[in-house]
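Student: Here's my sequence, what's the structure:
(2 chains)
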Number of protein chains: 2
Amino acid sequence: MISKLIHEIVKKNAPVVVGLDPNMKFVPKQIQDAAWESCAGLEGEDEDHRVLRAAAEAFYQFNVRIVDAIADIVPCVKPQIAMYEQYGLPGLEAYYRTVQYCRSKGLLIIGDVKRGDIGSTSESYALAHLGKTAAFGRKVPAFDTDFATVNPYLGSDGVKPFVNVCIEEDKGIFVLVKTSNPSSGEFQDVLMPDGKPMYEAVGRKVVEWGELSMDGEYSNVGAVVGATYPEQAAQLRALMPHTFILAPGYGAQGAAAEDLSVFFNKDGVGCIVNSSRGILAAWQKEKYAAYGAEHYEEAARAAAIEMIEDLRRVI
Amino acid sequence: MISKLIHEIVKKNAPVVVGLDPNMKFVPKQIQDAAWESCAGLEGEDEDHRVLRAAAEAFYQFNVRIVDAIADIVPCVKPQIAMYEQYGLPGLEAYYRTVQYCRSKGLLIIGDVKRGDIGSTSESYALAHLGKTAAFGRKVPAFDTDFATVNPYLGSDGVKPFVNVCIEEDKGIFVLVKTSNPSSGEFQDVLMPDGKPMYEAVGRKVVEWGELSMDGEYSNVGAVVGATYPEQAAQLRALMPHTFILAPGYGAQGAAAEDLSVFFNKDGVGCIVNSSRGILAAWQKEKYAAYGAEHYEEAARAAAIEMIEDLRRVI
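Tutor: Numbers count the residues shown, from 1 in each chain, chains lettered A, B, ... in the order given. Okay, here's the model as predicted:
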């Protein structure tokens, strides 16, 4: 699967993934109003449930126009399942429909689910998001994204079931190594007796797991390394030469293009950079205000183009 | 919320939580067949979707009889969301219905979701599982369990949004400190420069977060410590005297009652022990085979009673 992602990145000359993390704060009012109207109360339905359905519908409609506006310039999207999960079952249905819609537009999809559990339970998560689950003599896919993000805190037996599904189904994962948030260092940077930080130990394991599922120059087992930590990324890039990096944190979280050059290998490959709010909520920024709420997706496209050009400059 | 859990544990004299982690391997055939029949194919529905609906229905019907059989003897249940998530949206609907059914029977519910992300995203997860999400001028609950399990790998800003919801909504969390699986030591046991293992650093943070949401003698911020690691639990028990422990790993994963006495404080409080397969799949064990598949829930009740008595012996 990683070779497919690289192929699409090279074809579009854009190592960029758009995070589909909708938030009511930046879904334009006309989309919210239309969703509310289209989700009329059902017979016997309580008002709370209608709110969930309408919010989910607003997210989906918001996403469709974003996806239409960016599908020809970016290779990949990354829906953050938490944003949907907070609206319950209707929210998760919007996540599912978003995944399906993105696939119909030829985009690759990273399910940002950050799952991880003990072995037998991790297997269920791996099947849920990347594989097929058995029942009644059949094997059926559930959420069926191309990649998933995975939390490594439980160790190899929590991660291996995902690696197995990568091998069996030609899928990929990105394991959290050094995350983009301010307090990621609390546990991830703890120094071990050899003087190396914890995230390096995780990085070494990612290399080991990765060898089980190579796909060309890179492994289907990638790593999440926050764009906000370029120094650590430089170490990790050297430690994991065949590991593809997913780098969140560009834009809204503060990382600049200059910070990102160290995330790539010398061939200009090896990393895909995520932006979520910076693209989805571009219409609320002064710079793109001329588009207005009515053309929020055009503001998103303009912001995506700017990000792509910004990154091309430094790779 | 933790005081409510303690109250129920004391009332029933049973520091036991039943993990509602159904698996097709131990859902009796008559339940599977009935679910398949009751989920007739819908107009235009593909076979795969019918499989998901029927599997989810089988899980729900399986759970209902288990819950009816144990609700008077245990204080709490812990549905593992991964088992449901692998059957997609119908599976998650079965999770939701299971939570609602358990609540109607007066049981407290730990959503075993092991979520965790960067700050703003963790907030969405916290609202999804414990709080209420805003939209259209209302605040509505989504999955609405009493407790959730939380992965700490991203540090304080990933955990604090859950703590905030604990404070605002009187809910609780159990943070993964030392998990029950064989490879949990890979990262959790790594020694730090002070010679202490990583899980102690997490334990110290749990104490710190816990001080923000005290509820009587214990905090609403609890810890997951595997029953399979009694030595580490003894250290953690001393380090975190006001932290309630959720201990998975009894039974099927290999821990015995003797291993568990160190998980409790001297007052006999401070821990709740989980068993999932050991109870749900009891009917498949030779010991309870006389119940047969037809009375699987009575086998579960017998296994739960045996577990409760086993634990009473050592506390």
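
Student: For stretch A:24-32, measure first residue to last.
Tutor: Stretch A:24-32 stretches 8 Å from its first residue to its last (CA to CA, to the nearest Å).

Student: check whether it contacts chain B.
Tutor: Yes: in terms of CB under 8 Å from any CB of the partner chain, part of stretch A:24-32 sits within range of chain B, namely A:24, A:32. (C-beta placed from N, C-alpha, C; glycine too.)

Student: Name the surrounding residues that touch that stretch.
Tutor: Contact partners of stretch A:24-32, identified using CB atoms under 8 Å, 6 or more residues apart in numbering or on different chains, comprise A:54-55, A:58-59, A:61-62, A:277, A:280-281, A:283-284, A:293-294, A:296, B:134-136.

Student: Quick one: name the residues of the stretch 151-300 of chain A near chain B.
Tutor: Checking the stretch 151-300 of chain A against chain B by CB under 8 Å from any CB, the hits are A:151-158, A:176, A:179-188, A:190-193, A:198, A:201-202, A:205.

Student: From these, which land in strands?
Tutor: residue A:176 (DSSP state E).

Student: Buried only: go through the residues of the stretch 151-300 of chain A next to chain B for me.
Tutor: A:151-158, A:176, A:179-188, A:190, A:198, A:201-202, A:205 (16 or more other CB atoms under 10 Å in any protein chain shown).

Student: Which members of these occur in helices, if any?
Tutor: Mapping those onto helices (DSSP state H) picks out A:156-158, A:185-188, A:198, A:201-202, A:205.

Student: Show me what the strand or helix carrying residue A:123 is packed up against.
Tutor: Remark: residue A:123 resides in helix A:119-129, with elements defined by DSSP states H and E. Applying 3 or more CB pairs under 8 Å, 6 or more residues apart in numbering or on different chains; DSSP states H and E, we find helix A:119-129 packed against strand A:108-115, strand A:147-150, helix A:156-169, helix B:81-85.

Student: quick one: is stretch A:40-50 near chain B?
Tutor: Yes: using CB under 8 Å from any CB, stretch A:40-50 reaches chain B at A:47-49.

Student: In TSV: those residues, plus neighbour count.
Tutor: Below are those laid out as TSV (neighbours: other CB atoms under 10 Å in any protein chain shown):
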residue	neighbour count
A:47	10
A:48	15
A:49	17
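
Student: Of these, which belong to strands?
Tutor: Among the residues of stretch A:40-50 next to chain B, DSSP E puts none in strands.

Student: Looking at those residues, which is nearest chain B?
Tutor: Each of those was scored against chain B by CB to the nearest CB, and residue A:48 proved nearest at 4.1 Å.

Student: With adjacent residues omitted, what lies nearest to that closest one?
Tutor: In space, and not counting its chain neighbours, residue A:48 is closest to residue B:140: 4.1 Å by CB to CB, 6 or more residues apart in numbering or on different chains.

Student: Give me the neighbour count for the one you found.
Tutor: Residue B:140: 23 surrounding residues under other CB atoms under 10 Å in any protein chain shown.

Student: If residue A:173 is in a bridge, with which residues?
Tutor: Residue A:173 forms beta bridges with residue A:148, residue A:221, as assigned by DSSP bridges.

Student: That one and residue A:241, how far apart?
Tutor: Distance of residue A:173 to residue A:241, given as CB to CB, to the nearest Å: 18 Å.

Student: Between these two, tell me which one has more neighbours.
Tutor: When neighbours are counted by other CB under 10 Å, residue A:173 and residue A:241 differ, and residue A:173 comes out ahead with 32 against 12.

Student: Return the helix or strand in chain A with minimum mean pLDDT.
Tutor: The helix or strand of chain A with the lowest confidence, counting by mean pLDDT, DSSP states H and E, is helix A:257-260 at a mean of 92.

Student: Could you give the separation of stretch A:202-222 from the chain centroid?
Tutor: Here stretch A:202-222 is found 18 Å from its chain centre; the criterion is CA atoms, centre = their mean, to the nearest Å.

Student: first to last residue in it, what's the distance?
Tutor: Termini of stretch A:202-222 sit 12 Å apart (CA to CA).

Student: average pLDDT across it?
Tutor: Average pLDDT, stretch A:202-222: 98.

Student: now do stretch A:240-254
Tutor: 92.

Student: Show me which residues of that stretch are buried.
Tutor: A:240, A:242-253.

Student: and the helices and strands packed on helix A:119-129 as CSV, adding distance to residue A:215?
Tutor: Shown next, in CSV, are those (distance: least, CB to CB, whole Å):
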stretch, distance to residue A:215
strand A:108-115, 13
strand A:147-150, 12
helix A:156-169, 9
helix B:81-85, 26
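
Student: nearest to residue B:122, of these?
Tutor: strand A:108-115 (9.7 Å; CB to CB).

Student: hmm, who's touching that closest one?
Tutor: Strand A:108-115 has contacts (CB under 8 Å, 6+ apart) with A:4-5, A:8, A:17, A:19, A:21, A:75-82, A:99, A:102-103, A:122, A:125-126, A:128-130, A:143, A:145-151, A:174, A:176, A:246, B:82, B:114-117, B:151.

Student: how about a cut-off of 6 Å?
Tutor: Residues outside strand A:108-115 that contact it (CB atoms under 6 Å, 6 or more residues apart in numbering or on different chains) are A:5, A:76-78, A:80-81, A:99, A:102, A:125, A:129, A:145-149, A:151, B:117.

Student: Show me how far it is from its chain's centre.
Tutor: On the basis of CA atoms, centre = their mean, strand A:108-115 sits 5 Å off its chain's mean C-alpha point.

Student: rewinding a little: take the helices and strands packed on helix A:119-129 and write them to CSV, including mean pLDDT and distance to residue A:92.
Tutor: Listed next are the helices and strands packed on helix A:119-129 as CSV, based on pLDDT from 0 to 100; distance: least, CB to CB, whole Å:
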stretch, mean pLDDT, distance to residue A:92
strand A:108-115, 98, 11
strand A:147-150, 98, 15
helix A:156-169, 98, 20
helix B:81-85, 98, 9
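
Student: coming back round to it: keep only those of the residues of stretch A:40-50 next to chain B that are in helices.
Tutor: A:47-49.

Student: so what's the residue nearest the centre of chain A up against?
Tutor: Central residue of chain A (CA atoms, centre = their mean): residue A:78, 3.2 Å from the mean position. By CB under 6 Å, 6+ apart, the contact set of residue A:78 is A:17, A:19, A:110, A:112, A:274.

Student: give me the beta-bridge partners of the third one?
Tutor: Right, residue A:110. residue A:147.

Student: and residue A:9, how many neighbours does it have?
Tutor: For residue A:9, using other CB under 10 Å, the count is 22.

Student: Same question for it, what's its three-state structure.
Tutor: Of the three states, residue A:9 takes helix according to DSSP: H, G, I helix; E, B strand; the rest coil.
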